[in-house]
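> got a structure for you, letters missing:
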């Protein structure tokens, strides 16, 4: 129990620090998903990370994991557990607009876990927000 008490503040501190980073990679290519089924590539053609991918790697991976299964390094200390983006039932149940709201408002802002931090700065960066939705949708694709 003691490790859980220590791990949660640590995870939140790491997330808070990651949210404040100001370095930005080159902007991603344009394109906006309009439906659940639409999703673009998770990386630009030239192989460089997009802003969305860089943000996911910096902020989201801590809890959701690099593979989107909700098993990132901080996930063990969290209750409730982070969303598993590979869950087909969840992917089918949520719209792109709902995903954007969760990202922008955080868990507390949409009636979910308050441990999911809000990213209101992305309201002024629709290309990054759209890119994050594409990444999240990409985890629901099966080979």
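Nice, thanks for sending it over. Here the structure is a predicted model, which means the values were calculated and not measured.

> what stretches of this structure score poorly on pLDDT?
Applying pLDDT under 70 to the chain flags residues 1-49, 142-143.

> would you map the helices across this protein?
Counting by DSSP state H, one finds helices in the chain at the ranges 2-19, 51-55, 61-64, 88-93, 96-109, 126-139.

> so which of the ones you listed is nearest residue 74?
The closest of the helices of the chain to residue 74 is helix 2-19. By C-beta to C-beta, the value is 3.4 Å. The C-beta positions use only the backbone N, C-alpha and C, and glycine is treated the same way.

> relative to residue 71, how far out is residue 65?
Residue 65 sits 5 Å away from residue 71, going by C-beta to C-beta, to the nearest Å.

> quick one, which of those two is more surrounded?
residue 65 (20 against 16; other C-beta atoms under 10 Å).

> quick revisit: dump the helices of the chain into CSV; add mean neighbour count and distance to residue 118 as well.
Shown next, in CSV, are these (neighbours: other C-beta atoms under 10 Å; distance: least, C-beta to C-beta, whole Å):
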stretch, mean neighbour count, distance to residue 118
helix 2-19, 13, 9
helix 51-55, 22, 13
helix 61-64, 21, 14
helix 88-93, 12, 20
helix 96-109, 17, 3
helix 126-139, 21, 12
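
> who wins for proximity to residue 82 among these?
helix 61-64 (4.1 Å).

> just to revisit the earlier point, out of the helices of the chain, which comes closest to residue 77?
Nearest of those to residue 77, taken as C-beta to C-beta: helix 2-19 at 3.3 Å.
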